[in-house]
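Visitor: Just the structure for this:
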Amino acid sequence: MNVQKEIFSKKKPDSIFVSILGPNRVGKTTMLESMISAFGYLTESPPKGLVAVMTNEKNKALFTEGTHGAFSMISLIKVSDIIILLIDGFFGLELETFEMLSLARINGVKKIFFVITHLDFYKKWKALKKNKK
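Guide: As a prediction, the model looks like this:
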């Protein structure tokens, strides 16, 4: 009897589902590779599909990047615990960004992180300051 209680009382590790979303050519794969390497897992080829990373002994993080299709965005937003939304700083906000944000708000996602990329394309500080306005 005690053996059965011990088997059923063991909890599976908690997992967090993290989706990296954004328009085309914004750096989703680069962001995914850098997050995986931050946990100590080095990959030589770009990761494809769902990537599981053990953050510590009890917790697991599942990373995936979304394609630019509407159906993949909707399905990933519904199952995600954390959404990382990439924005191209050189091009600006796109319609897809607002669509993803509104879908996340409707589905009740509490944790959304915004990452602005491609700010290094600006050659001069004055041009960046002008575009911020």
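
Visitor: The protein: helices as residue ranges?
Guide: With DSSP state H as the definition, the chain shows helices at residue ranges 2-9, 28-38, 70-79, 95-107, 125-132.

Visitor: mean confidence score for the second one?
Guide: Computed over helix 28-38, the mean pLDDT rounds to 86.

Visitor: and what of the third one?
Guide: Taken as a whole, helix 70-79 has a mean pLDDT of 86.

Visitor: quick one: buried residues of it?
Guide: Judged by neighbour count (16 or more other C-beta atoms under 10 Å), helix 70-79 contains these buried residues: 73, 76-77. Backbone N, C-alpha and C define where each C-beta goes, glycine included.

Visitor: Run the angle between it and helix 95-107 for me.
Guide: In this structure, helix 70-79 runs at an angle of 40 degrees to helix 95-107, with axes from the mean of the first three to the mean of the last three C-alpha atoms, to 10 degrees as the basis.

Visitor: Give me the contact list for helix 70-79.
Guide: Outside helix 70-79, the residues within contact range by C-beta atoms under 8 Å, 6 or more residues apart in numbering are 17, 19, 21, 64, 66, 83, 96, 99-100, 103-104, 107, 109.

Visitor: is the most centrally placed residue in the chain in a bridge, and if so with what?
Guide: With distances taken as C-alpha atoms, centre = their mean, Ile20 lies nearest the centre of the chain, 2.5 Å away. Residues in a beta bridge with Ile20, per DSSP bridges, are Glu65, Ile84.

Visitor: and it, how far is that from Leu95?
Guide: Ile20 sits at a distance of 19 Å from Leu95 (criterion: C-beta to C-beta, to the nearest Å).

Visitor: Check Val26 too.
Guide: 14 Å.

Visitor: Quick one: residues contacting Thr29.
Guide: Under the criterion of C-beta under 8 Å, 6+ apart, the contact partners of Thr29 comprise 46-47, 65.

Visitor: which of those residues lies closest to Thr30?
Guide: For the contacts of Thr29, the minimum distance to Thr30 (C-beta to C-beta) is 8.9 Å, reached by Pro46.

Visitor: close enough to count as contact, that closest one and Ile36?
Guide: No - the pair Pro46 / Ile36 is not scored as a contact, 10.2 Å apart, by C-beta atoms under 8 Å.
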